[in-house]
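Chemist: whatever this is, show me its structure:
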Amino acid sequence: MKLKTTLSIIGDLRLTYLTPFTTKKLFQPIAEDLFFSDGWGDEATLTKLKDPKTVEGPAKPIQITWKERSRPGLIERTGRFQSPLHRFLPDESKQALVRLYLPKKYDTKTPLCLVFPMTGDQGFGHREKTFALPLIKKGIGTVILINPFYGRRRPASQKTFVAKTVQDILAMCLAASEEGRSLLQYFRNEGFQNLGVAGVSQGGMLAAIVGAKAPFPVAISSSLAPHSPEVIFTEGLIKGLVDWKALGMQPGKQATEKFRDLFQMGSIDQLPKPLASHAVFLQGAKRDLVVPKHSVQRVHEVWEGASLNWLPGTHLTSLSLHTRSFRDSVVKSFEAFTASV
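Modeler: Got it, this is the predicted structure:
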């Protein structure tokens, strides 16, 4: 929690006081670990991961093994399936872990939202509390996916959620998005007619990627998310938590170009436009120092017809104070979606 607490405090300072020098001095002595402390990873694997052919084509079919638990007011099922990108993952991450929450009385018209994790959200508990249980009361089911390299899918060599190599985080993002695509197709095949994706920060980025690539219309709620993954590590405050020495370079144009090349498949400029743009609800934070405001605006510019709402705080204060806004965004996306069906 040291990293989150520190970012929350620093996030309320104005940008003018946060020079790269200040950021480095404040973060590095306190953070438990730095991103990419083991460098880039294997170059040959990085080349394969960034190749569009690696994830082209329709979503891979999956078979989920479910265990059901009855709870007051809802149905809970926990499932496992082999990740479509298992060949790029460590043994601990190869099996995807997912939890489904449904109202007791549901049918194929019940809205079902796949919610991706924000950075550091390694289990079911946080999203159950902030999304699943409140949304059940509104008649919306939820699917929660545990990311590769997170929680029970975290390799033994990785002590925290902080990725040890760039290869790890690229594999995580690609695998999570492919797992998300497969889950949407799975529930579509199960007969669910009103599907959506949602997430905050990293989760919002994954939701945008998966929602845009869906071959059928889905509702999309993406909050505090950048237009392209490299922005997080090359522009915002997280730049001060990258082990640039291990990467053999300093933050700047060269680093930005290399990260952009590796993460190009997650860029809004490379993704197809959502098939239900009227059901896309975006949110940014007016004083966000983790995801620059221009990056959120870029998504809104490219996705014509999407709605954009600005929260008054910073990235971390929004995470703490505006969970209701994140849920409301999900509700609005489904209301717009079902109104047009």
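
Chemist: any regions of this protein where pLDDT drops low?
Modeler: When residues are selected by pLDDT under 70, those of the chain lie in 1-32, 341.

Chemist: quick one, helices of it?
Modeler: Along the chain, the segments classed as helices by DSSP state H run 2-11, 20-27, 43-50, 125-127, 133-136, 166-189, 202-213, 230-234, 244-247, 253-262, 293-302, 315-321, 323-340.

Chemist: save the ones you listed as JSON lines, and put in distance to residue 270 and mean neighbour count too.
Modeler: C-betas here are computed from N, CA, C, even on glycine. Below are those laid out as JSON lines (distance: least, CB to CB, whole Å; neighbours: other CB atoms under 10 Å):
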{"stretch": "helix 2-11", "distance to residue 270": "29", "mean neighbour count": "16"}
{"stretch": "helix 20-27", "distance to residue 270": "29", "mean neighbour count": "14"}
{"stretch": "helix 43-50", "distance to residue 270": "11", "mean neighbour count": "14"}
{"stretch": "helix 125-127", "distance to residue 270": "28", "mean neighbour count": "17"}
{"stretch": "helix 133-136", "distance to residue 270": "31", "mean neighbour count": "19"}
{"stretch": "helix 166-189", "distance to residue 270": "13", "mean neighbour count": "23"}
{"stretch": "helix 202-213", "distance to residue 270": "10", "mean neighbour count": "28"}
{"stretch": "helix 230-234", "distance to residue 270": "12", "mean neighbour count": "23"}
{"stretch": "helix 244-247", "distance to residue 270": "23", "mean neighbour count": "17"}
{"stretch": "helix 253-262", "distance to residue 270": "11", "mean neighbour count": "15"}
{"stretch": "helix 293-302", "distance to residue 270": "10", "mean neighbour count": "17"}
{"stretch": "helix 315-321", "distance to residue 270": "24", "mean neighbour count": "20"}
{"stretch": "helix 323-340", "distance to residue 270": "23", "mean neighbour count": "18"}
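
Chemist: can you put those helices in JSON lines and add distance to residue 58?
Modeler: Output for the helices of the chain, formatted as JSON lines (distance: least, CB to CB, whole Å):
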{"stretch": "helix 2-11", "distance to residue 58": "37"}
{"stretch": "helix 20-27", "distance to residue 58": "42"}
{"stretch": "helix 43-50", "distance to residue 58": "19"}
{"stretch": "helix 125-127", "distance to residue 58": "27"}
{"stretch": "helix 133-136", "distance to residue 58": "28"}
{"stretch": "helix 166-189", "distance to residue 58": "7"}
{"stretch": "helix 202-213", "distance to residue 58": "10"}
{"stretch": "helix 230-234", "distance to residue 58": "27"}
{"stretch": "helix 244-247", "distance to residue 58": "35"}
{"stretch": "helix 253-262", "distance to residue 58": "24"}
{"stretch": "helix 293-302", "distance to residue 58": "24"}
{"stretch": "helix 315-321", "distance to residue 58": "34"}
{"stretch": "helix 323-340", "distance to residue 58": "22"}
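
Chemist: of these, which is nearest residue 72?
Modeler: Judged by CB to CB, the one of those that comes nearest to residue 72 is helix 133-136, at 10.5 Å.

Chemist: now find how far off-centre the closest one is within its chain.
Modeler: Relative to its parent chain, helix 133-136 has a centroid offset of 20 Å by CA atoms, centre = their mean, to the nearest Å.
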